[in-house]
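>>> Give me a model of this one.
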Amino acid sequence: MGEGLVIPGVDTTKPSIARTYDYLLGGKDNFAVDRALGDKFITGLPGSQAIAFDNRGALIRAVREIVRTTKVRQFIDLGSGLPTADNVHQVAQRYAPETKVVYVDNDPVVLAHGRALLAENENTAVFQADLREPKKIFDSPETNALIDFGKPVAVIMSAVLHHLNDDEDPAAIVRFWYDRVPSGSYFFISHFRSENDPRSAEMQEVLQGSLGRGRWRTDDEILALFGDGLTVVEPGIVPSIEWRPEQPVDDLSDWSRLIATALAVKP
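Residues are numbered from 1 along each chain as shown. I've put the predicted structure just below:
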């Protein structure tokens, strides 16, 4: 991305979660400040880039699984990040073209690039909003133009809840959506996973030092985000690379242990 490019609302002196993730995945929609943060992981913590790829792979497999094995044909992707290969709508519409997808992110760059990507897809929308203000997202015209809350919905929270600190009550955000979707709806959550080891702590320190926020959570803490009403489906909460892999995972790296995935259904 051109460093001289001006997008309203974008502070190019501070790293963005979405743009840093884009850089880690090999994208070009990022600034020098985002690459500097990404390089802290790539060069300072060699191998940690695998976390981004493991997470993306689990998301792709989960969306495919939902569309191929259930009647769910509408998705809300909260904190969607920048467009990359195999976005939610691309995976879902490959198997069910009628699937509707709403993308939400608080980064203006996501809005600009997402609208360009989706301009000719009438079953998708993208708009700028904050994950921490779910009622605004629920009430928005963009959401209600596509999503019928009388039918099951898949709510995607891919690698976003770990950017919320405990005092921001991420479980309450999940509960908000749980209360507004019907039986048969799905919730996908992937999250930085702590094993209470030095490597987890080191990565958390990098994130907090650069973004001022970020919380690694244990398996039990991640499962608690789903609340009591949702049923976590097999294989439960596992490292993302092990969530229904296409090929058996023979060797789980230390880095792959640090991102977990779980999928749950509302009975």
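>>> And the helices in the protein?
With helices called from DSSP state H, the chain shows them at 17-24, 32-42, 50-69, 88-95, 108-118, 134-139, 141-146, 170-178, 198-211, 219-225.
>>> of all the ones you listed, which lies closest to residue 190?
Closest approach to residue 190 among the helices of the chain is made by helix 50-69 (5.1 Å; C-beta to C-beta). To be clear about C-beta, it is placed using only N, CA and C from the backbone, and glycine gets the same treatment.
>>> hang on, the earlier thing: let me know which of the helices of the chain is the nearest to residue 232.
Residue 232 lies closest, by C-beta to C-beta, to one member of those: helix 219-225, at 6.7 Å.
>>> Spatially, which residue comes closest to residue 136, not counting chain neighbours?
Nearest residue to residue 136, sequence neighbours excluded (C-beta to C-beta, 6 or more residues apart in numbering): residue 129, at 5.6 Å.
>>> what number of residues lie near the one you found?
Residues lying near residue 129 (other C-beta atoms under 10 Å) number 19.
>>> Make 48 the first number, not 1, from now on.
I'll keep to 48 as the first residue from here, and by that count the last item is residue 176.
>>> List the contacts of it.
Under the criterion of C-beta atoms under 8 Å, 6 or more residues apart in numbering, the neighbours of residue 176 are 151-153, 183-184, 187.
>>> And those residues, which is the shakiest by pLDDT?
In terms of pLDDT, residue 153 ranks lowest among the contacts of residue 176, with 87.
>>> Show the contacting residues for it.
By C-beta under 8 Å, 6+ apart, residue 153 lies in contact with 126, 175-178.
>>> Which one (most neighbours) among these?
For those, neighbours tallied by other C-beta under 10 Å; top is residue 126, 24 neighbours.
>>> so what pLDDT did the closest residue to it other than its chain neighbours get?
Sequence neighbours aside, residue 207 is the residue nearest to residue 126 in space, at 3.3 Å (criterion: C-beta to C-beta, 6+ apart). Per-residue pLDDT puts residue 207 at 94.
>>> Among the contacts of residue 176, find me the one that's closest to residue 159.
Nearest to residue 159 among the contacts of residue 176: residue 152, at 10.8 Å, using C-beta to C-beta.
>>> Show me what the closest one is bridged to.
With DSSP bridges as the criterion, residue 152 is bridged to residue 175.
>>> what's near enough to touch it?
Neighbouring residues of residue 152 by C-beta under 8 Å, 6+ apart: 65, 126-128, 158, 161, 173, 175-176.
>>> Straight-line length of stretch 192-210, end to end?
Start-to-end span of stretch 192-210 (C-alpha to C-alpha, to the nearest Å) is 28 Å.
>>> returning to that earlier point: pipe the helices of the chain into JSON lines and attach mean neighbour count per row.
Below are the helices of the chain laid out as JSON lines (neighbours: other C-beta atoms under 10 Å):
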{"stretch": "helix 64-71", "mean neighbour count": "25"}
{"stretch": "helix 79-89", "mean neighbour count": "18"}
{"stretch": "helix 97-116", "mean neighbour count": "20"}
{"stretch": "helix 135-142", "mean neighbour count": "20"}
{"stretch": "helix 155-165", "mean neighbour count": "19"}
{"stretch": "helix 181-186", "mean neighbour count": "15"}
{"stretch": "helix 188-193", "mean neighbour count": "14"}
{"stretch": "helix 217-225", "mean neighbour count": "19"}
{"stretch": "helix 245-258", "mean neighbour count": "15"}
{"stretch": "helix 266-272", "mean neighbour count": "17"}
